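Peer 1: Here is my input, please return the structure:
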Amino acid sequence: MKTTVIDLSADSFNGEIEAFLTRLLESDLVGSLLVPKKTTGGDNYVHALIKNPALLADTDIGAPVMPVQAARIISNLTFRDPGEKIGVVVKPCEARALVELAKFKQITREALVIIVVDCLGTYEPKAFSALVKSGKSPALDLRKQAVTGACNADDSAAFRSACEICEYPALDTSVVDIVVGLWGVDTEKQLYIEANDELADVMNEKNILEFNGQDNSKRQEIIASVKAERSNSCTQVLGDFSSKVNSIKGIQELLSTCMRCHNCMINCPICYCRECVFRSPTFEHTPDQYLSWANDKGAIRMPANTVMFHLTRLNHMVISCIGCGMCDTACPNDISVMSLFRTVGNNAQKMMEYEPGRSYDEPAPATTFQDTELVTEAGMSGH
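Peer 2: Numbers count the residues shown, from 1 in each chain. Okay, the predicted model is just below:
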């Protein structure tokens, strides 16, 4: 890993980032860039695939909002080789999702230059929009706090539930190509960037970015502190959740307002199946089937298979769940889907000694499962 610290003039952080991305796009390292770009109304950021460097204006790589999980977009762009390198600006949870998708051949890793930005927390899109419309600058406010590591949501809003218990506020270049550091960085005065050795050398040669070796000694200390605080919060939140939802009855009560809209599945980066069983003839029931089940049981819930839908999703992808919380964001009835998946996921991942998003070289358990691997010395199933 190589590092650089660039001195900034007042309020030039976004301008310097735009200049860096412009040089990157004008080089032959990437043919396009996927970046968060301000919407026409100015109160939100959406991902834009940019070819023309002049259109990099109104981008903010650290915008604290996530209306869509970028890994899903990137999968659509690269599940087949796109024929060019695409630079993608992502948050840590999105980068970790890319690691998992690569293992299931849902992205072409070689076609990507992954630029991860430290995540200081994100707001739900409606909350972010309200803050902007009230005249506030959510991204700037958080960057000012990040220098000390004490990033708190605005008094009139709250961070997304997933962010409050996220144990991955930053990544390193072991799984991404470039890191833009915000934690522990005075972004009113400096821009801090890391890159893997090979890419850093190329960017030096092409005058895209000069890596001067300057480091930020307190950055890792602050990140470790944030991780520890989030880990404690995660243990408490999921522990409280588990005590309430620890049975089939508890799960049924949790999902009592589910209308099986499939929004959680559609927005989940790990639900990658091109053909989904829940959108197939298997679950296209006929009137006589419904009436027969009602006759047998006396009554059935409509729409049917609501709990089965969530349990099947858990079975399919919980080992690779990276806890981004897009399921919560997408749910129209505010069901804590993320808490359910993280609770089950943490237990399953611990059992399999697997950490999703940790390494491209670590096989996903779903691709290597053996029917004897959970058998204990006593000959009984380990679970």
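Peer 1: where does this structure have low pLDDT?
Peer 2: Counting by pLDDT under 70, the ranges of the chain that qualify are 373-383.
Peer 1: Got the domain ranges for it?
Peer 2: 2-230, 244-368 (automatic domain parsing).
Peer 1: which one of these has the most crowded surroundings?
Peer 2: Here the criterion is mean neighbour count by mean count of other C-beta atoms under 10 Å, and of the domains of the chain the winner is domain 2-230, at a mean of 18. Using the backbone N, CA and C atoms, a C-beta is placed for each residue, glycine as well.
Peer 1: roughly how far is that one from the heart of the chain?
Peer 2: Centroid displacement of domain 2-230 relative to its chain, using C-alpha atoms, centre = their mean, to the nearest Å, is 12 Å.
Peer 1: So which of the domains of the chain is nearest Val237?
Peer 2: Nearest to Val237 among the domains of the chain is domain 2-230 (5.3 Å), distances taken as C-beta to C-beta.
Peer 1: what's the next secondary structure element after the helix or strand hosting Ser75?
Peer 2: Assigned by DSSP states H and E, Ser75 belongs to helix 70-78. Using DSSP H and E, the next helix or strand after helix 70-78 towards the C-terminus is strand 86-90.
Peer 1: And the helix or strand that that following strand is followed by, what does it pack against?
Peer 2: For strand 86-90, the succeeding helix or strand toward the C-terminus, using DSSP H and E, is helix 92-103. Applying 3 or more C-beta pairs under 8 Å, 6 or more residues apart in numbering; DSSP states H and E, we find helix 92-103 packed against helix 70-78, strand 112-117.
Peer 1: Let me have the ones you listed in JSON lines, extended by distance to Ala170.
Peer 2: Formatted as JSON lines, these follow (distance: least, C-beta to C-beta, whole Å):
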{"stretch": "helix 70-78", "distance to Ala170": "17"}
{"stretch": "strand 112-117", "distance to Ala170": "8"}
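Peer 1: rewinding a little: of the domains of the chain, which is nearest Gln236?
Peer 2: The closest of the domains of the chain to Gln236 is domain 2-230. By C-beta to C-beta, the value is 8.6 Å.
Peer 1: can you give me the helices for the stretch 101-250 of the chain?
Peer 2: Ranges of helices within the stretch 101-250 of the chain are 125-133, 138-146, 161-164, 197-205, 219-244, 248-254, based on DSSP state H, counting those that start in this stretch.
Peer 1: got CSV for those, with distance to Val180 too?
Peer 2: As requested, these are arranged in CSV below (distance: least, C-beta to C-beta, whole Å):
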stretch, distance to Val180
helix 125-133, 20
helix 138-146, 11
helix 161-164, 18
helix 197-205, 13
helix 219-244, 12
helix 248-254, 38
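Peer 1: Could you pull out the strands in the chain for me?
Peer 2: 2-7, 32-38, 45-50, 86-90, 112-117, 178-181, 190-195 (DSSP state E).
Peer 1: roughly how far apart are the closest residue to Gly250 other than its chain neighbours and Leu8?
Peer 2: Ranked by C-beta to C-beta, 6 or more residues apart in numbering and with sequence neighbours excluded, the top spatial neighbour of Gly250 is Lys244, at 6.2 Å. Per C-beta to C-beta, to the nearest Å, Lys244 is found 48 Å from Leu8.
Peer 1: and if you look at Glu167?
Peer 2: Here the criterion is C-beta to C-beta. By it, Glu167 lies 30 Å from Leu8.
Peer 1: repeat for Val116
Peer 2: 20 Å.
Peer 1: again, but for Leu140
Peer 2: As judged by C-beta to C-beta, Leu140 and Leu8 stand 13 Å apart.
Peer 1: For the nearest residue to Val245 once chain neighbours are set aside, give me its contacts.
Peer 2: Counting by C-beta to C-beta, 6+ apart, Val245 lies nearest to Leu254, which is 5.1 Å off, once chain neighbours are set aside. Contacts for Leu254 (C-beta atoms under 8 Å, 6 or more residues apart in numbering) come out as 245, 335-336, 340.
Peer 1: which two from those residues end up farthest apart in space?
Peer 2: Checking the contacts of Leu254 with C-beta to C-beta, the most distant pair is Val245 and Ile335, at 11.0 Å.
Peer 1: Distance of the spatially most distant residue from the centre of the chain relative to Gln289?
Peer 2: Distance from the centre of the chain peaks at Asn295, with 44.4 Å (C-alpha atoms, centre = their mean). Distance of Asn295 to Gln289, computed by C-beta to C-beta: 11 Å.
Peer 1: what's the closest non-adjacent residue to Ile50?
Peer 2: Leaving aside its chain neighbours, Ile50 sits nearest to Leu33 (4.9 Å; criterion: C-beta to C-beta, 6+ apart).
Peer 1: who's the one you found bridged to?
Peer 2: With DSSP bridges applied, Leu33 shows beta-bridge pairing to Ile50, Gly87.
Peer 1: Look up how far Trp293 lies from it.
Peer 2: For Leu33 relative to Trp293 (C-beta to C-beta), the value is 52 Å.
Peer 1: sorry, back to before: including distance to Asp328, could the strands of the chain go into CSV?
Peer 2: Putting those into CSV (distance: least, C-beta to C-beta, whole Å) gives the following:
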stretch, distance to Asp328
strand 2-7, 35
strand 32-38, 20
strand 45-50, 19
strand 86-90, 19
strand 112-117, 22
strand 178-181, 26
strand 190-195, 31
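Peer 1: With respect to Phe211, which of those strands lies nearest?
Peer 2: That would be, of the strands of the chain and by C-beta to C-beta, strand 2-7, which comes in at 4.3 Å.
Peer 1: and the closest one, which strands flank it?
Peer 2: Note on strand 2-7: by DSSP bridges, its sheet partners are strand 190-195 (antiparallel).
Peer 1: what's in contact with the strand it pairs with?
Peer 2: Outside strand 190-195, the residues touching it (C-beta under 8 Å, 6+ apart) are 1-8, 13, 16-17, 20, 172-173, 177-181, 185, 203, 209, 211, 216, 219.
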